[in-house]
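1. Build me a model:
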Amino acid sequence: EKYEDIANPVFNETFSLKTLVESEVPLEERKYLEFRMMDKVSVGFLDQTIGEALVPVSQLKRGPLTLKLTHGDEVAPAGTLYLDIESDGKCSPPELARIAQLKRTHPRNLMAKHFDEALFYGLAPEHRLRLLQCCKPGLAEPHERAGLMPAQPKDYDLFKPYFDKVIGELHQIDDENFFKYINTSDLCRVETLLRTPPGHLDLDKVGFT
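-> Numbers count the residues shown, from 1 in each chain. Below is the predicted model:
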């Protein structure tokens, strides 16, 4: 498309990247996706770029992505590319629709209230499954206040911001220093925090004072 303001061009394009067939480069060998900015003179010559950027395939997750396009070895950027990745090609698990429903029907369910799809899609696929495992208590028992529980030893560290929001609202804790000293080594304490009903938490007994 053509724009009058050549100094600040804006392009709105939607495109899909299809999986390569087996006869081409195997998936495990495709480590980078390269973006190239061309002008109308050099568009037929891929080695004559105005700007380019390499993106590790591992970083291509749903959500916003900003790339600085550089020209050759020049430090100054040749432009900025703003991407909004709408899908990584994987179907949304049914649990997401259920959690969205619980946000409306069970506002006291803290698992659903603080669940963030942007966080979910920003995780590696294997970590998405682990997060949904942690959400199972709240999915199975919608009236549960917390509805969230580590399913594996490292889950608290992996999803700490999410767990801290649930624990913070559950026990009305807004002191950031409180959460700095909780980690996977305190997993039994984390479980105690999540299992204890609001108003019944004794910080002395769980060793936080």
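2. what about Pro56, how many neighbours?
-> Pro56 is flanked by 9 other residues according to other Cβ atoms under 10 Å. (Glycine included, C-beta is placed from N, CA and C.)
3. what's the pLDDT at the spatially closest residue to it that is not a sequence neighbour?
-> Distances taken as Cβ to Cβ, 6 or more residues apart in numbering place Tyr32 nearest to Pro56, at 5.9 Å, with adjacent residues excluded. We have a pLDDT of 75 for Tyr32.
4. So what does Tyr32 have for phi and psi?
-> Listed backbone geometry of Tyr32 is phi -130, psi 150, with angles given as degrees, to the nearest 10.
5. Equivalent analysis for Leu54, please.
-> Main-chain dihedrals, Leu54, degrees, to the nearest 10: phi -110, psi 130.
6. where's the closest residue to it other than its chain neighbours relative to Val166, distance?
-> Residue nearest to Leu54 in three dimensions, not counting chain neighbours: Tyr32, with 4.7 Å by Cβ to Cβ, 6+ apart. To Val166, Tyr32 is 37 Å away according to Cβ to Cβ, to the nearest Å.
7. ok, those two, which is more surrounded?
-> The neighbour count for Tyr32 versus Val166, taken as other Cβ under 10 Å, is higher for Val166 (25 against 12).
8. ok, Glu117 touching Ala97?
-> No: Glu117 is beyond contact range of Ala97, at 10.8 Å (criterion: Cβ atoms under 8 Å).
9. Looking at these two now, which is surrounded by more residues?
-> In terms of neighbours (other Cβ under 10 Å), Glu117 is the more surrounded of Glu117 and Ala97; the figures are 13 against 10.
10. if you skip the residues just before and after it, what's nearest to that one?
-> Nearest non-adjacent residue to Glu117 (Cβ to Cβ, 6+ apart): Leu96, at 6.6 Å.
11. on that earlier part again, roughly how far does the residue nearest to Leu54 sit from Leu67?
-> Remark: distance between Tyr32 and Leu67 (Cβ to Cβ) = 12 Å.
12. And for Ala100?
-> Distance of Ala100 to Leu67, given as Cβ to Cβ: 31 Å.
13. Equivalent analysis for Glu191, please.
-> According to Cβ to Cβ, Glu191 stands 42 Å off from Leu67.
14. The two - which one has more neighbours?
-> The residue with more neighbours, out of Glu191 and Leu67 and counting by other Cβ under 10 Å, is Leu67; that gives 18 against 14.
15. you'd agree the more buried one is in a strand?
-> Yes: when the secondary structure is assigned by DSSP: H, G, I helix; E, B strand; the rest coil, Leu67 falls within a strand.
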